[in-house]
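# requesting a structural model of the entry that follows:
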Amino acid sequence: MSDPSLALTRAANLEAATTRLTDTILGAIEEDLAETLKRIAAEIGLCHIAYLRLSPDKSADICLLIAVVTYSRLWQHRYFVKKYMVNDPVITYGREASEPFDWATLAVEDPTTKAFFADALNHSVGRNGLSIPLRNRRGVFAVVSFTSDLPREEWEAYKSSNLRGLQLLSVLIDSAANINFKLPPVPVQLSTREEQCLLWAARGKTYQEIAEILGLAFGSVKTHLDGARRKLRCMNLTHAAAVAFATGVIPAQALK
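Next up is the predicted model:
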C-alpha cells in the first residue's frame, strides 16, 4: 500500500522539477542536464530518467542519437558496444507509438526483447519502465523513459497519480536537451591516433588493451582519447564515440 504523504511529497517534487527544467531552458541554471535529471529522479521516487532523440533515418548501422541519461556508465558503454540501439524494443515500439507506454506491454516473450530487458535489469536500470514518445514538425523522434523498482501495484498507482506531470516533464526535458546538448557545429577533425583510439574504445577495449593493439604507451592512449572527447565536446567516451559515428567524423562502417 502506498503512503499518501509520500505521494504528496513526490507530486510536490515533480512540480519543483518542472520549475527547475524551465529555469534550465531559460539559462538560469547551468548544471549539466544529466546531473539535473539524476537529482530529479531521486526526488520524485524513480531510479532513472533517459532522453533519446533520433533522426528520421532508421539506418541499422548508425543513426543520429542524442542521449541524456542517468544510467550507469557501465550500462551506457554496454548498450553502445552491444549495438542495442538497433533493436532496443523501447525505440522500436516508440517510433510508432503516439501515447505513453509501459515496458510491460512490449513483447517480453520475444527472445531478443527478453534478453535485452534481463541485461538492463542486471545493470540496475529498474524493474519497471514508462516511456513517453515525442515528435516535432521536422519528423524528429524523441522518447523520454522513466524507470522504477517499485512493486508492480505501487508502480501502477504511481503512474496513475503522476502521468500528466511526467508528460509535462518530458516536453521540458526535450526542450532543455535541444538547448544544452549541441553537436559540433562544424565537422571535427580528429588526428589519426585519436580516431584509432576512439574506434577501439567503441569496440569495448580498455586503455591498456588499446595501448597493446596500437603499440602505444598507456598515457598516450589516454591523451588521444581525452583529446577526441574534448574536440567532440562530450562528457565521456561512450558519448564521444556515438557523436563521432553520428556526425560521420568516423565512418559507421568502421565499427564493424
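
# lowest mean pLDDT among the helices and strands of the protein, which one is it?
helix 237-246 (a mean of 70; mean pLDDT, DSSP states H and E).

# helices of the stretch 51-200 of the chain, residue ranges please.
73-81, 89-96, 111-122, 152-180, 192-202 (DSSP state H, counting those that start in this stretch).

# deepest-packed of those helices, please.
Most buried of the helices of the stretch 51-200 of the chain by mean neighbour count (mean count of other CB atoms under 10 Å) is helix 192-202; its value is a mean of 21. Every residue, glycine included, has its C-beta placed from N, CA and C.

# can you identify the element that follows that one toward the C-terminus?
Going down the chain from helix 192-202, the next helix or strand is helix 207-214, by DSSP states H and E.

# got the buried residues for whichever helix or strand comes after that next one?
Following helix 207-214 in sequence order, the next helix or strand is helix 218-231 (DSSP H and E). By 16 or more other CB atoms under 10 Å, the buried positions in helix 218-231 come out as 220, 221, 224, 225, 227, 228, 229, 231.

# so who does the nearest residue to the fifth one once chain neighbours are set aside touch?
With CB to CB, 6 or more residues apart in numbering as the criterion, residue 227 has its nearest non-adjacent residue at 5.3 Å, and that residue is residue 194. Applying CB atoms under 8 Å, 6 or more residues apart in numbering, we find residue 194 in contact with 224, 225, 227, 228, 231.

# looking at this, residue 233 is in a strand?
No - assessed with DSSP: H, G, I helix; E, B strand; the rest coil, residue 233 is coil; it does not lie in a strand.

# residues in contact with the residue nearest to residue 88 when sequence neighbours are not counted?
Closest residue to residue 88 apart from its sequence neighbours, by CB to CB, 6+ apart: residue 116 at 6.8 Å. Contacts for residue 116 (CB under 8 Å, 6+ apart) come out as 84, 87, 88, 89.

# pick out whichever of those sits closest to residue 143.
Using CB to CB, residue 88 comes nearest to residue 143 of these, at 9.7 Å.

# count of residues packed around that closest one?
Residue 88 is flanked by 18 other residues according to other CB atoms under 10 Å.

# that one and residue 106, how far apart?
Separation of residue 88 from residue 106 (CB to CB, to the nearest Å): 10 Å.

# again with residue 227
40 Å.

# ok, back up a step: among the buried residues of helix 218-231, which one sits closest to residue 209?
For the buried residues of helix 218-231, the nearest to residue 209 is residue 221 (9.3 Å; CB to CB).

# closest to residue 130 out of the helices of the stretch 51-200 of the chain?
Closest approach to residue 130 among these (CB to CB): helix 152-180, 6.0 Å.

# next one: phi and psi at residue 49?
For residue 49, the backbone dihedrals (degrees, to the nearest 10) come out as phi -130, psi 130.
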